[in-house]
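Novice: pasting a predicted model and its sequence here:
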Amino acid sequence: GSKQNIVQQKRLDEVFDLIGIRPDPKKDPAMQGICDLNEAEIAKHRNAVDRDLINIEYGQVAAHFYIARYGTLRSAAHALGHAKAAKLLDRTLVETRAIDQAFTQLYDHLLTRRTSTRYPDETALSTTAYMHPRLTVGLALGGMLVAVALSEAGRSKRR
């Protein structure tokens, strides 16, 4: 996931270049709320499988947030005549849907495993997922930047 986040961030940089707007980073309170809720839920559980399932759940919440965000941005780019930017955003949207599907499969697998076998005390998933909130904040900022940039580009085009 983190490698994909980096690729998507680079793609957002390309979108900015295409529409000729310089990014102006702002914190996204919605994504920060998702991250805060994830961390609060994780803190309530000591069992590794419970933490893994919670991380996957909030990973899906973030993915759905991005699906909505990138879909809207793609539509705006297309409507404003930025076909190449819309195509790049569409690629990110397709990847994000695939990430959501992977989360669903992993959740189902872990939930089945939890009921059928003993789960080890710690997992690589719980360790790497702990970093997820910090990564998603960065991508949320990128999504906000594109939204602002497309809005500005649309205003400039109408003048």
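Specialist: Nice, I can see it. Residues are numbered from 1 along each chain as shown.

Novice: buried residues in stretch 66-84?
Specialist: 66-67, 69-70, 72-74, 76-77, 80, 82 (16 or more other Cβ atoms under 10 Å). For glycine as for every other residue, the C-beta is placed from the backbone atoms N, C-alpha and C.

Novice: which of those residues sits closest to Asp90?
Specialist: Asp90 lies nearest to Arg74 out of the buried residues of stretch 66-84, by Cβ to Cβ, at 5.2 Å.

Novice: how close does that closest one sit to Tyr66?
Specialist: As for Arg74, its distance to Tyr66 is 12 Å (criterion: Cβ to Cβ, to the nearest Å).

Novice: Phe16: neighbour count?
Specialist: 18 (other Cβ atoms under 10 Å).

Novice: with the one 4 residues further on instead?
Specialist: The burial metric for Gly20, expressed as a neighbour count using other Cβ under 10 Å, is 11.

Novice: any idea which helix or strand in this structure has the lowest mean pLDDT?
Specialist: Using mean pLDDT, DSSP states H and E, the weakest-scoring helix or strand in the chain turns out to be helix 124-158, at a mean of 46.

Novice: re earlier: return the member of the buried residues of stretch 66-84 nearest to Leu89.
Specialist: Arg74 (4.0 Å).

Novice: the closest one touches Ala86, doesn't it?
Specialist: Yes - counting by Cβ atoms under 8 Å, Ala86 is a contact partner of Arg74 at 5.2 Å.

Novice: would you turn the buried residues of stretch 66-84 into CSV with pLDDT, distance to Lys27 and secondary structure?
Specialist: As requested, the buried residues of stretch 66-84 are exported to CSV (pLDDT from 0 to 100; distance: Cβ to Cβ, whole Å; DSSP: H, G, I helix; E, B strand; the rest coil):
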residue, pLDDT, distance to Lys27, secondary structure
Tyr66, 90, 16, helix
Ile67, 94, 21, helix
Arg69, 91, 15, helix
Tyr70, 91, 19, helix
Thr72, 93, 19, helix
Leu73, 91, 18, helix
Arg74, 94, 23, helix
Ala76, 92, 21, helix
Ala77, 93, 23, helix
Leu80, 93, 25, coil
His82, 95, 25, coil
